[in-house]
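Peer 1: sequence? don't have it. structure:
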């Protein structure tokens, strides 16, 4: 995985992408027990391109310039043997999750990872069964409840949170007065 982050960092420095941060399942591994996942999910912002006009031409050109194979599968593109799903910033939550991501250093390489509270809010926003299960796990670990509740309010997730609490018999600590 280290080499994949090296390549993503080079994409930023060479302008193929503006910024990136690890999100979803592999980001969750930093906070909770790992679960099976097939790929690495990365939120990306493309320089000077709106989400509605997004193409991956700059990324393809970058990989060709680096003599790297263009192996696409249903999940994304393979970078150094790892399938990477490049998820364009498409919501305000995505943008803020990317902008506030923590910088992590491992094996002499730095990369960004969404903070737990943003991952939790994204789980609510997406609402798949696996997101609900991940959110249950997040609630069993340490996180900033005030920040999470502010994100629930800021991104209009109050109804989703209330439904989640009822469905999973969780205290609605965001609903307190």
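Peer 2: Yep, it's here. This structure is a prediction, so every number in the text was calculated from the model and none was measured.
Peer 1: from residue 72, how far off is residue 116?
Peer 2: Computed with C-beta to C-beta, to the nearest Å, the distance linking residue 116 and residue 72 is 31 Å. Any C-beta I mention is one placed from the backbone N, CA and C, and that applies to glycine too.
Peer 1: could you do residue 37 as well?
Peer 2: 18 Å.
Peer 1: now residue 119
Peer 2: For residue 119 relative to residue 72 (C-beta to C-beta), the value is 26 Å.
Peer 1: residue 134 too?
Peer 2: Distance from residue 134 to residue 72, by C-beta to C-beta: 26 Å.
Peer 1: more neighbours: which of these two?
Peer 2: Shown here are residue 134 and residue 72; by other C-beta atoms under 10 Å, residue 134 has more neighbours (22 against 12).
Peer 1: did I read that right, that one in a strand?
Peer 2: No: secondary structure of residue 134 (DSSP: H, G, I helix; E, B strand; the rest coil): helix, not part of a strand.
Peer 1: give me the sheet partners of the helix or strand of the chain with the lowest mean pLDDT and which way each runs.
Peer 2: In the chain, the helix or strand scored least confidently by mean pLDDT, DSSP states H and E is strand 72-73, which has a mean of 78. According to DSSP bridges, strand 72-73 has the following sheet partners: strand 76-79 (antiparallel).
Peer 1: what is the spatially most central residue of the chain paired to in the beta sheet?
Peer 2: What sits nearest the mean C-alpha location of the chain, by C-alpha atoms, centre = their mean, is residue 23, with 1.9 Å. For residue 23, the beta-bridge partners are residue 41 (DSSP bridges).
Peer 1: what's near enough to touch it?
Peer 2: When contacts are counted by C-beta atoms under 8 Å, 6 or more residues apart in numbering, residue 23 touches 41, 42, 43, 87, 97, 113, 114, 119, 122.
Peer 1: shaky segments in this protein?
Peer 2: 48-55, 176-177 (pLDDT under 70).
Peer 1: ranges for the strands of it?
Peer 2: 19-23, 40-45, 72-73, 76-79, 82-88, 102-106, 109-113 (DSSP state E).
Peer 1: quick one: which of those is nearest residue 164?
Peer 2: Closest to residue 164 of the strands of the chain, according to C-beta to C-beta: strand 19-23, at 19.3 Å.
Peer 1: angle of that closest one against strand 102-106?
Peer 2: Angle, strand 19-23 to strand 102-106, by axes from the mean of the first three to the mean of the last three C-alpha atoms, to 10 degrees: 80 degrees.
Peer 1: now strand 19-23: buried residues?
Peer 2: 19, 20, 21, 22, 23 (16 or more other C-beta atoms under 10 Å).
Peer 1: next one: stretch 15-35
Peer 2: Those would be 16-28, 31-32, for stretch 15-35 by 16+ other C-beta under 10 Å.
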